[in-house]
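Engineer: Coordinates for the following, if possible.
(chains A, B and C)
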Amino acid sequence: MPRHWLIKTDPDTYDIEDLERDGTTEWWGVRNYLARNYMRDEMEPGDEVLFYHSSTPVTGVYGLARVAGAAHPDSKQFQEGHPYEDRDSDPEDPTWWCVDLQHVQTFPGPVTRDAMKAEPGLADMKVLQRGVRHSILPVTSDQFRIVCRMGRPAG
DNA sequence: GCCAACGTTGGC
DNA sequence: GCCAACGTTGGC
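Structural biologist: All right, here's what the predicted structure looks like:
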C-alpha cells in the first residue's frame, strides 16, 4: 500500500513551480539521518507527497508530488567542491540517499499552515507540532486526503 | 530579526 | 557514552 509523506522545501531554493517546470527532480541535499532513513528505507515509487513551503510568509502545502523511483545515493555528496559534498561518505557505502520526486499538481492556492491548524482532522499532523522540524515526515492517508480536499479548486 | 527547539559534534 | 556547546531550522 502506498504511503504518504510531507516534504518541506525552502521556496527560495526550490519551489513547486521549479518542480512543475522540471517534471522530475532528484531530492538531493537532505543531511539528516531520520529524513535519510525515510527516503532510503521506507519510501516507495508511487508514494504520494505533500509539497510544503517553509521559511516563507505563507507557509503551507503548495501542491502534490509522487516518489518517482527507488532511493539512490545523493549525487552531490561525491561532487567535489559542491556545498553538499561529504568527504566522509564512502562511495562503496554512501552516507546520503534520496529519491526522485515527480510533480503531480500545483494547487490553485496554498493550503496554509493556518488553515491546516484550524482543521480538526489535522490536529495530529506532525508538521503542525511544535518543535518538529524534520524536512520529511510521514502523513496518514486521512491527513493526505483532507489536505488534498482543501487544496482542490472550488466547485 | 528573534529565539525555541532540535540534531550533531566533540571533549572528557 | 554522556552531555554541554554549537549550528541550524523554521515559526512567528
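Engineer: switch to C-alpha atoms for all contacts and neighbour counts from now on
Structural biologist: Noted.
Engineer: Pull out the buried residues from the lengthiest strand in chain A.
Structural biologist: If you go by DSSP state E, chain A has its longest strand at strand A:100-112. Going by neighbour count (16 or more other Cα atoms under 10 Å), the buried part of strand A:100-112 is A:100-107, A:110-112.
Engineer: As a markdown table, those with pLDDT would be great.
Structural biologist: A markdown table is the format used below for the buried residues of strand A:100-112 (pLDDT from 0 to 100):
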| residue | pLDDT |
| --- | --- |
| A:Asp100 | 97 |
| A:Leu101 | 97 |
| A:Gln102 | 97 |
| A:His103 | 97 |
| A:Val104 | 97 |
| A:Gln105 | 96 |
| A:Thr106 | 96 |
| A:Phe107 | 96 |
| A:Pro110 | 95 |
| A:Val111 | 96 |
| A:Thr112 | 95 |
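Engineer: Of the residues you listed, just say which sits nearest to DNA strand C.
Structural biologist: A:Thr112 (9.4 Å; Cα to the nearest atom of the strand).
Engineer: Could you give the bridge partners of the closest one?
Structural biologist: For A:Thr112, the beta-bridge partners are A:Gly60 (DSSP bridges).
Engineer: re earlier: biggest separation within the buried residues of strand A:100-112, which pair?
Structural biologist: Within the buried residues of strand A:100-112, A:Asp100 and A:Thr112 form the most distant pair, 24.9 Å apart (Cα to Cα).
Engineer: which parts of chain A sit against DNA strand C?
Structural biologist: A:8-10, A:54-57, A:59, A:113-114, A:132-135 (Cα under 7 Å from any atom of the strand).
Engineer: Spell out for me the PyMOL command that would select the buried members of those residues.
Structural biologist: Selecting only the buried entries of the residues of chain A next to DNA strand C in PyMOL, with 16+ other Cα under 10 Å as the criterion:
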select buried, chain A and resi 8+9+54+59+113+134+135
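Engineer: Where does pLDDT dip in chain A?
Structural biologist: A:1-2, A:153-155 (pLDDT under 70).
Engineer: Which helix in it has the most residues?
Structural biologist: If you go by DSSP state H, chain A has its longest helix at helix A:141-151.
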